[in-house]
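Asks: below are the sequence and a predicted model for it; my questions follow.
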Amino acid sequence: LQFVESGGGLVQPGGSLRLSCGAPGFNLDYYAVGWFRQAAGKEREVVACLSSGGDRTNYPDSVKGRFTISRDSAKNIIYLQMNSLKPEDTAIYYCGAPVDMCPLNTVPDIERYYWGQGTQVTVSS
């Protein structure tokens, strides 16, 4: 399983971005998928999890109310809608799976997940 992320870029504080995550050749409906981020000099952290059925989501307090994870089954894409962005949201954002247990408030074991190459998000004026 190999993810392909896109949609990153430079945005001003308070702005929005939508990230996309695909997995050519794999049906993402069968996977619980998460969005993670890693800022320079920091550990990777989860920012959103979506169950394989699409009916459960989890977010850490740092992004709750601002980020939304969703699935488009027809396009086989997982989205991360990010609103009210802050400079501290600057990081490389990755898709990761499986997240049957969403690793909130803990450093994820990198070896445990499948990853993509990541997409850079920079929030700056």
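Replies: That came through fine.
Asks: chain neighbours aside, what residue packs nearest to Asp100?
Replies: Leaving aside its sequence neighbours, Asp100 sits nearest to Ala32 (Cβ to Cβ, 6 or more residues apart in numbering; 5.0 Å). Just so you know, the C-beta spots here come from the backbone N, C-alpha and C atoms, and that holds for glycine as well.
Asks: number of nearby residues for that neighbour?
Replies: Residues near Ala32, counting by other Cβ atoms under 10 Å, number 19.
Asks: contacts only, for it.
Replies: By Cβ atoms under 8 Å, 6 or more residues apart in numbering, the contact set of Ala32 is 49-52, 97-100, 102.
Asks: rerun at 10 Å
Replies: Applying Cβ atoms under 10 Å, 6 or more residues apart in numbering, we find Ala32 in contact with 49-54, 56, 58, 97-102.
Asks: now render these as a markdown table, adding neighbour count.
Replies: As requested, the contacts of Ala32 are exported to a markdown table (neighbours: other Cβ atoms under 10 Å):
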| residue | neighbour count |
| --- | --- |
| Cys49 | 24 |
| Leu50 | 26 |
| Ser51 | 16 |
| Ser52 | 17 |
| Gly53 | 9 |
| Gly54 | 16 |
| Arg56 | 11 |
| Asn58 | 19 |
| Ala97 | 24 |
| Pro98 | 15 |
| Val99 | 25 |
| Asp100 | 10 |
| Met101 | 11 |
| Cys102 | 20 |
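Asks: now flag whichever of those is closest to Ser124.
Replies: Of all the contacts of Ala32, Ser124 sits closest to Cys49, with 27.3 Å by Cβ to Cβ.
Asks: list the helices and strands whichever helix or strand the closest one is part of packs on?
Replies: For Cys49, the element it lies in under DSSP states H and E is strand 45-50. Applying 3 or more Cβ pairs under 10 Å, 6 or more residues apart in numbering; DSSP states H and E, we find strand 45-50 packed against strand 33-38, strand 57-58, strand 67-72, strand 77-82, strand 91-97.
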